[in-house]
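Asker: Compute the structure for the input listed below.
(2 chains)
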Amino acid sequence: MIYTKKSPALLIMGLVVLLWGWLNQSGNLDGVQGWLHKSTYAEHVKAQDKFTAEVSAAAEKAAAEGKPAPQLSPPKSKFNDLKAEQANYSFIFGGIATLLGLGILAWRPREGHLDYYLSIFPGIAYLIFIAFVVRWGLDPLFAGWGKAAQPTLGWDFAKIFNLNYVVLGILIGILIVNVFRIPDWAANGVRTARFFLKTGVILLGTLYSAAELAQLGALSVVMIGIFVLGSVWLVLIMGKRMRAENSMTAVLSAGMGVCGVSATVAASPVVNAKAAEIAYTIGTILVWGVACMFIFPTIGHLLGMGPVQFGAWAGTGILNSAQVAGAALAFDPHGIETLKVAEIFNITRVLFLPLIVLWLAAWYVKHEVGAQKVNLGQVLVAKFPVFVLGFILMFALSTLGVFSPAGHYQGKYFSGEQVKQDKLLGDKDLRALETELVRLSGPEGTQALADHFTAKAVNIGQRHAAPADALQGLQDLIANRKMTSRDQDGVLVATAKLPGLEAGAKGAIEKASKAAWHSSKTIAAFREWLAWLFAIGLIGLGMQITVKSLKQAGGKPLIIGGVVGTLKAVGSLIVVLLFVREFI
Amino acid sequence: MAEQKFERGTNLSIFVSDRREDIGALIFALVIAIGVVFFVGN
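Answerer: Modelled structure (predicted):
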């Protein structure tokens, strides 16, 4: 079979994207981009006008003094950064797609590995092309419409229904596969969607700190332990009551309890499940998962949940790994925190897989007359999802500092040494700090600081912060004109929130703190990769949600799945709202 | 996708097994991570 289809589609996509890049770089698209990103463009225009006025004032002053006009550097502009980013991505993607597109048209394919692997590129390019359209076009468009309709409707429909690039991408995928069809030249590449999602989950392992993982891990083991084991048990009980086949009940319990499709496949050999039973289970999980992926983020926003609460709920209540990622990114498309929490829960759930398979094997042998024994060890080794071990490997390498120094994982890191000369505190700032230092050194000031630190539970390492720490921190700040340690930064930022602190001193502390925190370029690059990997994977996931596959669900499995899935979702929501607090 | 016939892989994957897909994803993730460290640095 020849997989590579001779089609100009890849070449056309490459040329269109190259054109987009050139139009962005040359400024010919400023009107369109300004319309799509109204507030960013308004800020840009304001900053440009201010800069132009400063340049002309400086030039006039220099002319009056008989000096040459000074060279002023233009202000940083988010709008220009956005255009530059789109242009760069367009040139990289457009260049590769154009060359490959020409190659495919010129090449005469022969059956074999080269034909097979070359044939996936047009489909991958198709997913990336849709990701560009959604992320650069539809996402800001819907955000703008949501804001514009807010005065009339009283609420932002784009925000409430999560009409961001993640949800829109999945919806476009569903629309393409069900209303139109996936073009033949793209069919092979669209099957890489799950590969990209798995790569994203493994790469996510680089963004956790050991402390964060320990904290989240402990919470996830408790929650997942209760809800996974509870769901498996409930499906087994309901299956018996409803007189469903033992093998059907067993695969459904694995699917509803652990992690959807892969658990169903892993459990099927130990309970001798038939192909139709696996199809029913996968259909049920799919129906449930797709519904949750759209409903969970809306409920999360309506209840005002934070990243930890929502991530814990989605990771526990949604069944399939890809849909957990979809819901987490739909809830928080521009951050990574919710996804991080949700994936820890997802991975903890997958780690329960061997335990569940052993339980189901024992249950099946006990309940099924004449059940054949299967080599459990072999099944577990053959079916255990290795990508979970990949996640753990990446986390281990990250913890050893292979990818970025410790303390960078949240995207920002503290460094007093890297504070630039022009960011050091000025004389006016120092005077404001000196005045406050004298006031706070008195008995009333010391008492106010002590009360404030107690009320806000301010700590330095393992001990409570004392007024002396704040006074020492202020003296050091005045001496060095910058923050020099993270402890000093922590205690002074808390001091800045002391009621009654003079505005100048407060501003100086905030300015010094801001100057000492830097963005980690490595972590920013990892986040960018993750956003694209998940966007591409989730668009492809949408293309795998066909009406035909949803119709596979039905009968007793759908009833049992619906009851257990609802109980799990509602139960985990109540537990999360009552007991889980935000801590990252 | 359901109607499509493939001699290799499945409807959901270009790989012949989940294990191969997982290992492929791990290798790709390592390539990205090394690329980020090499080209972006800290």
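Asker: For chain B, give me its nearest residue in the stretch 451-584 of chain A.
Answerer: Using CB to the nearest CB, residue A:525 is the residue of the stretch 451-584 of chain A that sits closest to chain B, at 4.5 Å. Every C-beta, even on glycine, is put in place using the N, C-alpha and C of the backbone.
Asker: Please, which helix or strand holds residue 34?
Answerer: As the question left the chain open, I've gone with chain A. helix A:30-36 (DSSP states H and E).
Asker: try chain B instead
Answerer: Using DSSP H and E, residue B:34 maps to helix B:18-39.
Asker: Now do the buried residues in that helix.
Answerer: By neighbour count on 16 or more other CB atoms under 10 Å in any protein chain shown, the buried set for helix B:18-39 is B:18-19, B:21-22, B:24-26, B:28-30, B:32-33, B:36-37.
Asker: And stretch A:42-59, by the same measure?
Answerer: Residues of stretch A:42-59 classed as buried: A:44, A:47 (neighbour count, 16+ other CB under 10 Å).
Asker: residues in contact with residue 41?
Answerer: Went with chain A since none was named. Taking CB atoms under 8 Å, 6 or more residues apart in numbering or on different chains, we find residue A:41 in contact with A:33, A:34, A:35, A:79.
Asker: that's the wrong chain, I wanted chain B
Answerer: By CB under 8 Å, 6+ apart, the contact list for residue B:41 reads A:521, A:522.
Asker: follow-up on the earlier one: now the two most distant members of the buried residues of helix B:18-39.
Answerer: Within the buried residues of helix B:18-39, B:18 and B:37 form the most distant pair, 28.6 Å apart (CB to CB).
Asker: before we move on, what SS does residue 41 have?
Answerer: Using chain A here. helix (DSSP: H, G, I helix; E, B strand; the rest coil).
Asker: Turn the buried residues of helix B:18-39 into JSON lines, including distance to residue A:142.
Answerer: Converted to JSON lines, the buried residues of helix B:18-39 look like this (distance: CB to CB, whole Å):
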{"residue": "B:18", "distance to residue A:142": "35"}
{"residue": "B:19", "distance to residue A:142": "39"}
{"residue": "B:21", "distance to residue A:142": "33"}
{"residue": "B:22", "distance to residue A:142": "35"}
{"residue": "B:24", "distance to residue A:142": "34"}
{"residue": "B:25", "distance to residue A:142": "31"}
{"residue": "B:26", "distance to residue A:142": "35"}
{"residue": "B:28", "distance to residue A:142": "31"}
{"residue": "B:29", "distance to residue A:142": "31"}
{"residue": "B:30", "distance to residue A:142": "36"}
{"residue": "B:32", "distance to residue A:142": "29"}
{"residue": "B:33", "distance to residue A:142": "33"}
{"residue": "B:36", "distance to residue A:142": "30"}
{"residue": "B:37", "distance to residue A:142": "36"}
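Asker: Now cross-check these against chain A and list the overlap.
Answerer: Filtering these for proximity to chain A by CB under 8 Å from any CB of the partner chain leaves B:18-19, B:21-22, B:24-26, B:28-30, B:32-33, B:36-37.
Asker: Just want the most central residue of chain B.
Answerer: residue B:25 (3.8 Å; CA atoms, centre = their mean).
Asker: C-alpha coordinates for whichever strand or helix holds residue A:491, CSV please?
Answerer: Using DSSP H and E, the element containing residue A:491 is helix A:486-496. Extracted in CSV, the C-alpha atoms of helix A:486-496 (Å, rounded to 0.1, in the frame of the first residue of the first chain):
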residue,chain,number,x,y,z
ARG,A,486,15.1,35.5,48.5
ASP,A,487,14.4,35.6,52.2
GLN,A,488,15.0,39.4,52.2
ASP,A,489,12.7,39.7,49.2
GLY,A,490,10.0,37.6,50.9
VAL,A,491,10.0,39.5,54.2
LEU,A,492,10.1,42.9,52.6
VAL,A,493,7.3,42.2,50.1
ALA,A,494,5.3,41.2,53.2
THR,A,495,6.4,44.4,54.9
ALA,A,496,5.2,46.4,51.9
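Asker: contact partners of that helix?
Answerer: Contacts of helix A:486-496 with the rest of the structure, by CB under 8 Å, 6+ apart, involve A:414, A:440, A:449, A:452-453, A:456, A:458, A:460-461, A:465, A:469-470, A:472-474, A:476-477, A:483, A:501, A:505-506, A:509-510, A:512-513, A:516-517.
Asker: Buried only: go through these for me.
Answerer: Taking 16+ other CB under 10 Å as the criterion, what is buried in the contacts of helix A:486-496 is A:414, A:440, A:449, A:452-453, A:458, A:460, A:465, A:469-470, A:473-474, A:476-477, A:483, A:501, A:505-506, A:509, A:512-513, A:516.
Asker: now the strands for chain A?
Answerer: In chain A, the segments counted as strands under DSSP state E are A:412-414, A:459-460, A:463-464, A:517-519.
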